[in-house]
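Asks: Next input, structure requested:
(4 chains)
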There are 2 protein chains.
Amino acid sequence: MARGRSSSGRPTIRDVAERAQVSVATVSRILSGSYTAPPETQERVMKAVEALDYVVNANARSLNARSGLVAVVVNDITSPFFMNVASGVEEQAMADGRVCIVCSTQGVPERELSVIELLRARGVEAVILVGGMAEGEQHLGQLAAAAEALDRAGARMVLCGRSWAGPDAPIDVVESDVEGGAFAATNHLLSAGHTRVAHLAGPHEFSVARQRLHGYERALRAYGIEPDPALIASSDMTRETGYAAARTLLTGTDATAVFCANDMSAAGAVAAARDLGRSVPDDVSVVGFDDIPLAEDVYPGLTTVHVPQQELGRSATRLALHRRAGDPPRRHVMLGSHIVVRQSVAPPARLSGKGTP
Amino acid sequence: MARGRSSSGRPTIRDVAERAQVSVATVSRILSGSYTAPPETQERVMKAVEALDYVVNANARSLNARSGLVAVVVNDITSPFFMNVASGVEEQAMADGRVCIVCSTQGVPERELSVIELLRARGVEAVILVGGMAEGEQHLGQLAAAAEALDRAGARMVLCGRSWAGPDAPIDVVESDVEGGAFAATNHLLSAGHTRVAHLAGPHEFSVARQRLHGYERALRAYGIEPDPALIASSDMTRETGYAAARTLLTGTDATAVFCANDMSAAGAVAAARDLGRSVPDDVSVVGFDDIPLAEDVYPGLTTVHVPQQELGRSATRLALHRRAGDPPRRHVMLGSHIVVRQSVAPPARLSGKGTP
DNA sequence: CTGTTAGCGCCTTCAC
DNA sequence: GTGAAGGCGCTAACAG
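Replies: Residues are numbered from 1 along each chain as shown, chains lettered A, B, ... in the order given. Down below sits the predicted model:
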């Protein structure tokens, strides 16, 4: 389906030109469409393209023009939350005529920087960093430097679902109201009558985890309850560590409800309760965070805080791509979140201490 | 942190050379490491690189050398199954010193071809197509042509979790024993005592869906049961369509068990049973396929066919990257699968027709 | 409308 | 050891 090219590799624009009996410039112009050629020539060229199975060399093209690439960087490609956000990015990128690729740090946060560099080397137009991450001062500094470098290359860095506490840098951020969501979630438990509400927190180095904790504590205080450190456990927001931490919480304390940092760890908590012979929600109520598809399938259906994942991704992409002259160097958008009530919350069990084993 | 470059964009190798007082050739050589320069010069260059925040232009480099890119193409970036496979690809690609990017057709199968072309344009070394897909004769022909084109460009196409029924083409394929898995799953139900076993099939255009159907029918026949078309419904393997199809199956037939094409639709089936007031597994047994993480969290835990998702991805990548002179143009590897028993299967309810409402 | 001529940023001979 | 020169595939600027 393609014979007689000059070299052995991919056919080049020169091969096409030769075959169509025109100059490379003509081929280039016809292919980029930005130009009206006589239908006859046009057809000759297209025919040659077909015959040779020619596709432009995007790399060579990127040497002169924009790359048209938007990249999403996630920590873990198998995380539903991340990938839902990524799909929002994808959607918006496509709508803006860009190509979207997703890269992962494979769970190694330090790799974030090298991935960004690699992306910069490829000339991407936007780098969208999704999700929380260790935020040591050094890392933030390097991230800021990376943002500067991208900026100089005409590319944009945007944080999605993570806030920025580093030095001033050309970075946009899109986040959802995590603290407010955590407040609402805790409040939901409180108003159901619970007084011993535990929190299955995320890693304390993550600002998003701290925001959840703050919302939780604020809700407690608003109810006149002083947060009890014994009721706060932490996990790394996976199902496994959530399971373990919840188990400790449920056996070691008199908690009748637990607000989890995300749905994954909440799923672990539900499993832990079940394994301990505690019924959810009769013996213990559970609230998650994120509202990933899983929330609907765990049993009982997980009451959780809905985070607009796709919209997070779409907004981030818009911020990166739709820039005009007057825009400030750092833009910030905050999306709202709300509770989705399913079946994992009920009033606390009869006062007759069914709560402590 | 980076001033005084010639132009305004990213710094080029020329800027580095200038600043380090050497020729671009020297910089190039030092950066590619393939060369011993006097430590003193070396250091001068590295210092300039740092100062300018220089990174090579990967696109320019790809003009001459290999791109080092491996691409996974999935239909839906939010599908756990696909992303688990993708993470296997990622792992192996990284182990082989390549960079992995994932692209999606965004649920539009026809887009598969354009994504492949785009990837070819970028000069990727391998394109790994994950998951089933409509396999019309025309599409297969175009896919074969795309494989040829990739091959000519020195790149490899490999199908992962999908078999190849198209014309001869330079394509490798890695699949798991779907038919065998379906046989085992159905057999599991049969040997638990069920005789009215339904099948919640996938789209009939997908070969992987047909393989499941065949395994199901073969198991039935091995038990002396002739497949009953009324017991076969189909969905597009999402939770929603699975729910709908299962609902029909459970209200319209006397099925006491259902073998689902994948875990997502099985989750839908479980939800449908629950909504109909049928207990799983007491009133109806359910078996899934794939063994995605969700299987553990639905209630009751889903008995399912384990598909080695990561290994599928790793193998595919190895096939693509580890080629030596004598290798045949089409390689094929088949991985095994096995049943994972959880709680969604039990013997059929008392003979007293509890099965029909 | 079309061809010719320069580069884009990098790597790679080939001389020195 | 190092520099100068040519070319990778493509687009843009400038003639005709």
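Asks: going forward, measure contacts and count neighbours with C-alpha atoms only.
Replies: Noted.
Asks: could you pull out the strands for chain A?
Replies: A:69-74, A:99-104, A:126-130, A:156-160, A:171-176, A:197-201, A:232-234, A:257-260, A:285-290, A:303-306, A:332-335, A:338-340 (DSSP state E).
Asks: and these, which is most packed in?
Replies: strand A:257-260 (a mean of 31; mean count of other CA atoms under 10 Å in any protein chain shown).
Asks: So residue A:93 sits against residue A:99, correct?
Replies: Yes - the pair residue A:93 and residue A:99 qualifies as a contact (CA atoms under 8 Å) at a distance of 6.4 Å.
Asks: joint contacts of the two?
Replies: Here residue A:93 and residue A:99 have residue A:70 as joint contacts, going by CA atoms under 8 Å, 6 or more residues apart in numbering or on different chains.
Asks: Identify the residues contacting the residue nearest to residue A:342 when sequence neighbours are not counted.
Replies: What sits nearest to residue A:342 in space, not counting adjacent residues and going by CA to CA, 6 or more residues apart in numbering or on different chains, is residue A:303, at 4.5 Å. By CA under 8 Å, 6+ apart, the residues touching residue A:303 are A:286, A:287, A:288, A:295, A:339, A:340, A:341, A:342, A:343, A:344, A:345.
Asks: near DNA strand D, from these?
Replies: On the criterion CA under 7 Å from any atom of the strand, none of the entries of the contacts of residue A:303 sits beside DNA strand D.
Asks: what would the residues you listed look like in TSV with distance to residue A:82 and pLDDT?
Replies: As requested, the contacts of residue A:303 are exported to TSV (distance: CA to CA, whole Å; pLDDT from 0 to 100):
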residue	distance to residue A:82	pLDDT
A:286	22	98
A:287	20	98
A:288	16	98
A:295	15	97
A:339	20	98
A:340	19	98
A:341	22	98
A:342	23	98
A:343	25	97
A:344	24	98
A:345	26	98
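Asks: so which of those residues comes closest to residue B:158?
Replies: Nearest to residue B:158 among those, counting by CA to CA, is residue A:295 at 34.4 Å.
Asks: Can you report how many residues neighbour the closest one?
Replies: Neighbourhood size, residue A:295 [other CA atoms under 10 Å in any protein chain shown]: 26.
Asks: Would you mind confirming that it is in contact with residue A:268?
Replies: No - in this structure residue A:295 lies outside contact range of residue A:268 using CA under 8 Å: 11.6 Å.
Asks: Poorly predicted segments of chain A, please.
Replies: Counting by pLDDT under 70, the low-confidence segments of chain A come to A:1-8, A:34-36, A:350-357.
Asks: Could you chop it up by domain?
Replies: Domains of chain A are assigned by automatic domain parsing as A:13-63, A:67-176+A:310-334, A:178-307+A:339-355.
Asks: So what's the gap between the shortest one and the chain middle?
Replies: Yep, that's domain A:13-63 we're talking about. 39 Å (CA atoms, centre = their mean, to the nearest Å).
Asks: cool, the last one as well?
Replies: Computed by CA atoms, centre = their mean, the chain-centroid distance of domain A:178-307+A:339-355 equals 22 Å.
Asks: residues touching the residue in the stretch 201-350 of chain A that DNA strand D sits nearest to, list them.
Replies: Taking CA to the nearest atom of the strand as the measure, the point where the stretch 201-350 of chain A comes nearest DNA strand D is residue A:321, at 19.1 Å. Counting by CA under 8 Å, 6+ apart, residue A:321 touches A:96, A:125, A:126, A:156.
Asks: Contact partners for the third one?
Replies: Spelled out, it's residue A:126. A:69, A:70, A:71, A:155, A:156, A:157, A:158, A:317, A:320, A:321.
Asks: who's the second one bridged to?
Replies: The one in question is residue A:70. residue A:100, residue A:126 (DSSP bridges).
Asks: hmm, back to that, any idea which of the domains of chain A gets closest to residue B:137?
Replies: domain A:13-63 (19.7 Å).
Asks: is that closest one anywhere near chain B?
Replies: Yes - applying CA under 8 Å from any CA of the partner chain, one finds domain A:13-63 in contact with chain B at A:53, A:55, A:56, A:57, A:58, A:59, A:60, A:62, A:63.
Asks: which of those residues count as buried?
Replies: Those of these that meet the buried threshold are A:53, A:55, A:56, A:57, A:58, A:59, A:60, A:62, by 16 or more other CA atoms under 10 Å in any protein chain shown.
Asks: how near is the residue nearest to the fourth one when sequence neighbours are not counted to residue B:59?
Replies: Once its chain neighbours are removed from consideration, residue A:57 has its nearest residue in residue B:121; the separation is 4.9 Å (CA to CA, 6+ apart). Applying CA to CA, to the nearest Å, one obtains 11 Å for the distance of residue B:121 from residue B:59.
Asks: ditto for residue A:129
Replies: 22 Å.
Asks: Residue of the stretch 101-250 of chain A closest to DNA strand C, please.
Replies: Residue nearest to DNA strand C within the stretch 101-250 of chain A: residue A:121 (8.1 Å; CA to the nearest atom of the strand).
Asks: wait, doesn't that residue sit right on residue B:57?
Replies: Yes - with contact defined as CA under 8 Å, residue A:121 reaches residue B:57; the gap is 4.9 Å.
Asks: With residue B:89 as the reference, name the closest of the domains of chain A.
Replies: Nearest to residue B:89 among the domains of chain A is domain A:67-176+A:310-334 (11.1 Å), distances taken as CA to CA.
Asks: Centre of the chain to the closest one, how far?
Replies: Worked out by CA atoms, centre = their mean, domain A:67-176+A:310-334 lies 9 Å from the chain centre.
Asks: what's the span of that domain, first residue to last?
Replies: End-to-end distance (CA to CA), domain A:67-176+A:310-334: 29 Å.
Asks: now do stretch A:17-37
Replies: Terminal residues of stretch A:17-37 are spaced 14 Å apart (CA to CA).
Asks: Next, the buried residues of that stretch.
Replies: Within stretch A:17-37, the residues that count as buried by 16+ other CA under 10 Å are A:17, A:18, A:19, A:20, A:24, A:26, A:27, A:28, A:30, A:31.
Asks: out of those, which are inside helices?
Replies: Secondary structure from DSSP state H places A:17, A:18, A:19, A:20, A:24, A:26, A:27, A:28, A:30, A:31 of those in helices.
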